[in-house]
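Asker: Build me a structure from this.
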Amino acid sequence: MIYVFFAPGFEDIEALAPVDILRRAGLSVSLVSITGDKLVESAHGVAVRTDILLDEVEWESAELLVLPGGLPGATNLDACVPLRQGLLKQVEAGRPVAAICAAPMVLGHLGILQGRRATCYPGCETELTGATYTAALVERDGNVVTGKGPAAAMAFGFELLKLLGKDAEAAQLSQGMMYDFLLDA
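Answerer: Presented below is the predicted three-dimensional model:
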């Protein structure tokens, strides 16, 4: 199971574009509220009903953990102790994690980015403790993927597919969703 974590103030496109891409590829994705309420409001006032609550996450079988950005969404994720513990266990088990926009700060604060290349929203790079900041749209270093911001949401989603060994699906969806058109423009 892939888990995408929703906190109040999440960035809409950074949360939902990767979910859309992963589900189009036929992967099991659960939207997780860290609030205790399945309805979580974005930074732009869009309420999203998540699938499960944080205490329902099956950490041991997590295929991938994804953190959308946005403020104060990323700050709220960073303050969630059970999520922080789950991220550390995921990395210790050698399983992948991903964060976009301001959310790579969570990984930075936990030491997960130490010695890795990473990207984030401009101005947040000081929070990437121990990382080499690349300013790339999407950066993958081992089993960690980071994205720069809202414009990176689709590229981030396709990179998550590749991380999970779904290169063919990523290529097919990139073409079918007309993302390739943007690359050629």
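Asker: Distance of residue 99 relative to residue 152?
Answerer: 11 Å (CB to CB, to the nearest Å). For the C-beta atoms, the positions are set from N, CA and C on the backbone; glycine is no exception.
Asker: Leaving aside the residues adjacent along the chain, what's closest to residue 22?
Answerer: Once flanking residues are discounted, residue 22 sits nearest to residue 29: 4.9 Å by CB to CB, 6 or more residues apart in numbering.
Asker: Run through who's touching stretch 153-169.
Answerer: For stretch 153-169, contacts defined as CB atoms under 8 Å, 6 or more residues apart in numbering pick out 2, 13-14, 17-22, 25-27, 63-64, 66, 96, 98, 100, 137-138, 140, 143, 145, 147, 170, 173-174, 177, 179.
Asker: all helices for this structure, in order.
Answerer: 12-24, 73-78, 81-92, 104-109, 153-163, 167-176, 179-184 (DSSP state H).
Asker: Same list (those helices) but as TSV, adding mean pLDDT, mean neighbour count and distance to residue 47.
Answerer: Listed next are the helices of the chain as TSV, based on pLDDT from 0 to 100; neighbours: other CB atoms under 10 Å; distance: least, CB to CB, whole Å:
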stretch	mean pLDDT	mean neighbour count	distance to residue 47
helix 12-24	98	22	11
helix 73-78	98	24	13
helix 81-92	98	16	20
helix 104-109	98	25	23
helix 153-163	98	24	19
helix 167-176	95	15	27
helix 179-184	76	11	27
